[in-house]
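J.: predicted model, plus sequence, below.
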Amino acid sequence: MNDIPAAGADPARGPLLHIGAGGAEYGYHRLGSGPDLVLFNGDAMCMSMWTDTLLTALAEDFTVTIFDYPGMGQSTAAPGQSWLVPDLATQSFTFLSSLGLQRPHVLGWSTGGEIVLQMAVQSSTALGGVVSVAGDPGSPHFSGDPDVMTTIANATPQEMLAMMFPADQKAALQAFVADLMSRPQDFPSPEVLAAQDAAWKAWLAGGIWDDLPDVTARVLLMNGADDELVPAANARAMAARIPGAQLQIIPDAGHAVLLQEPAHCAQVIRSFLGAA
């Protein structure tokens with residue numbers, strides 16, 4: 001594995017590494033020990049936004065890899081970069097192969113949850129466990145506001161946070177903000193946000209609803225019960241179509257359930273992946 005340390009080491013995350021794959025150069029961090037677990041960001045999110053609390057909890061039992069999609073944060077875009085979910089899934093397989101990972105567990109949040117499900121559709125045998133948090137199947141079967149990505153792209157930071165955390169979870173919201181402010185943050189460009197919005201519309205026109213019964217990977221679907229952006233109805237509907245899928249709906253949790261309840265979510269993930 002051709003890990004090339006770069007500037008920007010973070011004590012909680014280890015050195016910033018780079019590797020070339022599929023015409024892109026990926027920036028990533030690896031921390032912890034144990035079976036491989038790769039985290040996939042949501043739209044409008046760079047890897048710098050994962051909280052130290054969540055990463056530390058997962059790194060107790062797994063070798064955790066976080067990375068930026070090509071063209072975001074610490075990663076450079078591939079020529080003709082596509083933001084369509086199927087293309088990001090294919091690119092991600094190339095990235096994982098470049099790292100030399102064999103059947104890693106994958107955990108995706110929001111759009112990342114859709115990417116890992118798309119990966120399971122494309123090649124379940126190449127993955128270990130698949131954890132989709134606040135993901136959805138796309139297609140007309142999506143339950144929620146079809147303009148949600150436009151809403152996110154046009155929201156102020158305060159409006160975005162209000163959409164991510166329930167109103168009665170102020171302590172969790174404050175802890176998340178404090179974590180973000182503890183280190184430099186990367187943010188996607190307006191061009192990337194526009195491309196992600198277009199990719200979301202394409203996902204609603206296609207998606208993976210028809211393919212879910214053919215998924216053979218072990219799948220855990222998690223959702224906040226009070227998620228306003230991607231309602232829990234999506235997880236329930238997908239759980240009924242994926243053979244053997246497990247379902248966890250977290251009470252009094254919003255779209256940012258992983259960041260709101262990191263210890264509890266890490267325990268659920270640990271149990272599902274067999275590390276408990």
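T.: Received the coordinates, thanks.
J.: got the residue ranges for the helices in the stretch 101-250 of the chain?
T.: For the stretch 101-250 of the chain, the helices defined by DSSP state H, counting those that start in this stretch occupy 111-123, 148-154, 157-164, 170-181, 190-205, 233-239.
J.: which one of these lies closest to M222?
T.: Among the helices of the stretch 101-250 of the chain, helix 233-239 comes nearest to M222, with 6.9 Å by CB to CB. No exception for glycine: its C-beta is placed from N, CA and C like everyone else's.
J.: and A205, how many neighbours?
T.: 10 (other CB atoms under 10 Å).
J.: equivalent analysis for Q122, please.
T.: Neighbour number of Q122 under other CB under 10 Å is 16.
J.: before we move on, what about P190?
T.: What P190 shows, counting by other CB under 10 Å, is a neighbour count of 9.
J.: what of L39?
T.: 26.
J.: about what we covered before: and among the helices of the stretch 101-250 of the chain, the most buried is which?
T.: helix 111-123 (a mean of 24; mean count of other CB atoms under 10 Å).
J.: so which elements touch that helix?
T.: If contacts are counted by 3 or more CB pairs under 8 Å, 6 or more residues apart in numbering; DSSP states H and E, helix 111-123 sits against strand 36-40, helix 85-98, strand 105-109, strand 129-133, helix 190-205.
J.: among the ones you listed, which comes closest to C46?
T.: Per CB to CB, nearest to C46 of those: helix 190-205, 10.0 Å.
J.: check the offset of that closest one from the chain's centre.
T.: Mean-position distance between helix 190-205 and its chain equals 16 Å (CA atoms, centre = their mean, to the nearest Å).
J.: what mean pLDDT does that helix get?
T.: Across helix 190-205, pLDDT averages out at 92.
J.: could you dump that helix to PDB, C-alpha only?
T.: Only the C-alpha atoms of helix 190-205 are listed here, as PDB (Å, rounded to 0.1, in the frame of the first residue of the first chain):
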ATOM      1  CA  PRO A 190     -20.500  25.800  -4.800                       C
ATOM      2  CA  GLU A 191     -19.700  23.900  -8.000                       C
ATOM      3  CA  VAL A 192     -19.600  20.600  -6.100                       C
ATOM      4  CA  LEU A 193     -22.800  21.400  -4.200                       C
ATOM      5  CA  ALA A 194     -24.500  22.000  -7.500                       C
ATOM      6  CA  ALA A 195     -23.200  18.800  -9.000                       C
ATOM      7  CA  GLN A 196     -24.400  16.900  -5.900                       C
ATOM      8  CA  ASP A 197     -27.800  18.400  -6.200                       C
ATOM      9  CA  ALA A 198     -28.000  17.200  -9.800                       C
ATOM     10  CA  ALA A 199     -26.800  13.800  -8.800                       C
ATOM     11  CA  TRP A 200     -29.600  13.700  -6.100                       C
ATOM     12  CA  LYS A 201     -32.200  14.400  -8.800                       C
ATOM     13  CA  ALA A 202     -30.800  11.600 -10.900                       C
ATOM     14  CA  TRP A 203     -30.900   9.300  -7.900                       C
ATOM     15  CA  LEU A 204     -34.600  10.100  -7.500                       C
ATOM     16  CA  ALA A 205     -35.100   9.200 -11.100                       C
END
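J.: by how many degrees do that helix and helix 85-98 diverge?
T.: Here helix 190-205 runs at an angle of 110 degrees relative to helix 85-98 (axes from the mean of the first three to the mean of the last three CA atoms, to 10 degrees).
J.: isn't G207 up against F142?
T.: Yes - contact criterion CB atoms under 8 Å: G207 and F142 qualify, at 7.2 Å.
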